[in-house]
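Asks: Provided below are the primary sequence and the corresponding predicted coordinates.
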Amino acid sequence: MALSQLLTGISDKSISEQDIFNVIRPLSGDEDDYDIGELIDAAGKLGFTADNGKLASDVLPNLREPVLLLIDITTKLSHFVVLKGIRSGKDANETAYLFDPATGYDIQVPYKTLIERSIDSEHPKFQFIRVAYFPEKLKKSLYLPESESDIQDKYYTEAEANSLAMGNSSKKGQLTVGYGFVASLGNNKINGLTRNLNNFNHKIHAEYGLDKNSEIGGSIEYVDNTEIISFGNEYKENFNYTNRLYEAYLSQNFKLDKIDDTGKTNLNVSIAGSYAEKNNIFGAYLSVTGIKNTEYAQFSLGGTIGREFTYDRLTRSLLPEYLSYSGFIGASKQLTNDYFPVLNDFEGAVNFKVSQGQNENKNTVGTFQRTYSTSTSLKYVLTRTIQIEPSFTYSFGATETFSFGMDISYVGGW
């Protein structure tokens, strides 16, 4: 809640959202259900003196104190933020620096964009709430650092903040823990031999943000596979085996354009290692992904190369002879909608992937196999800390497979 952030930041008190809800008329527990007068009254009951006003867009940048600002008033998504300041960058374009409770992050927004979204003929001025305070009590969280590099390190773009809020990446010190389940049904046919596959995967995963641009993570996966192999009416046999897979990774994000560019481009590089208990298979992988944020969606294009090896001779003959590789293209979008605000808690994604499952090895029974897959998912932010993501994948090529998955994650460290 923006008001609790402002009151805590200008005093030696710690004001929680619940403190505010305790002194204001009971509604849904959402700040945007209250009008400006009620928020001013709530501040007064908590021992603060507050008032409100309106400022034109050419005057607001002169404000030298943190205030509550009502933004996005031209949409059905209007809400309060804490405005910490407005500064001109090297290119003379002004940038607004805010704490936005909609994402839970300090963000930076081009000021002209904020004006377009919050001022029109019906609402010609910004509306704000100001709370009286003693400057010496102003906490570090509410003023802009002097160093430009410190500002850029702390304040996210809206695209970055939305990505973080939807659980696509971690901020510094943020720990995400989750459980995922995938059920797969598939088959393939080679020279009259048919393999029907039933796979059930259970995965526990964790990710931790080292800083704004780097992350470590790992997972433990339990696999229960059943294969039915048949050759016409002459042969049929069932095979069942289980496996445990372990993986750890380190990823680094590189910014390829200006921090305040609305079409932000990033390059993510990740290295990973894996181990499969069955047949003692080790793996090493390098992944590179280009990410482009636009006003329409976030687009990604990338690939992975890897090498798997084992000390078991028979198993080794069935692994890729050289490097395995895959490439993918995808898009994701937060489903914002002015008329159906509930959609703001959803993020949809689609991906298409090509994988080289096994290189040709003339000295073994291995064959050249390639798999194509298309997947779609819909992530739902139940609360800021609990996120649910069902997914569906269809693979074809070497093997035709239908998969359904569900992932539940806890995102801490807010």
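Replies: Thanks, I have the structure now.
Asks: phi, psi of residue 175?
Replies: For residue 175, the backbone dihedrals are phi -110, psi 130 (criterion: degrees, to the nearest 10).
Asks: again, but for residue 41
Replies: The phi/psi pair for residue 41 (degrees, to the nearest 10) is phi -60, psi -40.
Asks: and it, how many neighbours?
Replies: Residues near residue 41, counting by other Cβ atoms under 10 Å, number 16. Where C-beta positions appear, they are placed from N, C-alpha and C, glycine not excepted.
Asks: ok, it touching residue 24?
Replies: Yes: at 7.4 Å, residue 41 and residue 24 qualify as touching, with contact defined as Cβ atoms under 8 Å.
Asks: and the chain, what are its domains?
Replies: 2-154, 165-411 (automatic domain parsing).
Asks: Can I get these in a markdown table including mean pLDDT?
Replies: Output for the domains of the chain, formatted as a markdown table (pLDDT from 0 to 100):
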| stretch | mean pLDDT |
| --- | --- |
| domain 2-154 | 80 |
| domain 165-411 | 81 |
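Asks: my read is residue 124 is in a strand, agree?
Replies: No: per DSSP: H, G, I helix; E, B strand; the rest coil, residue 124 lies outside any strand segment and is coil.
Asks: isn't it right up against residue 59?
Replies: No: using Cβ under 8 Å, residue 124 is not in contact with residue 59, being 12.0 Å away.
Asks: mind listing the strands for the stretch 51-200 of the chain?
Replies: Taking DSSP state E, counting those that start in this stretch as the criterion, the stretch 51-200 of the chain contains strands spanning 67-71, 79-88, 94-100, 105-110, 126-131, 156-157, 175-190, 193-209.
Asks: which strands and helices sit next to the third one?
Replies: Using 3 or more Cβ pairs under 8 Å, 6 or more residues apart in numbering; DSSP states H and E as the contact definition, the elements that strand 94-100 packs against are strand 79-88, strand 105-110, helix 111-118.
Asks: go on, the fourth one?
Replies: Contact partners of strand 105-110 among helices and strands, from 3+ Cβ pairs under 8 Å, 6+ apart: strand 94-100, strand 156-157, helix 158-165.
Asks: Mind listing the strands the second one pairs with, and their directions?
Replies: So the one you mean is strand 156-157. Using DSSP bridges, strand 156-157 pairs in its sheet with strand 105-110 (parallel).
Asks: what separates the partner strand from the chain centre, distance-wise?
Replies: 16 Å (Cα atoms, centre = their mean, to the nearest Å).
Asks: between that strand and helix 111-118, how big is the angle?
Replies: Our comparison of strand 105-110 with helix 111-118, counting by axes from the mean of the first three to the mean of the last three Cα atoms, to 10 degrees, yields an angle of 100 degrees.
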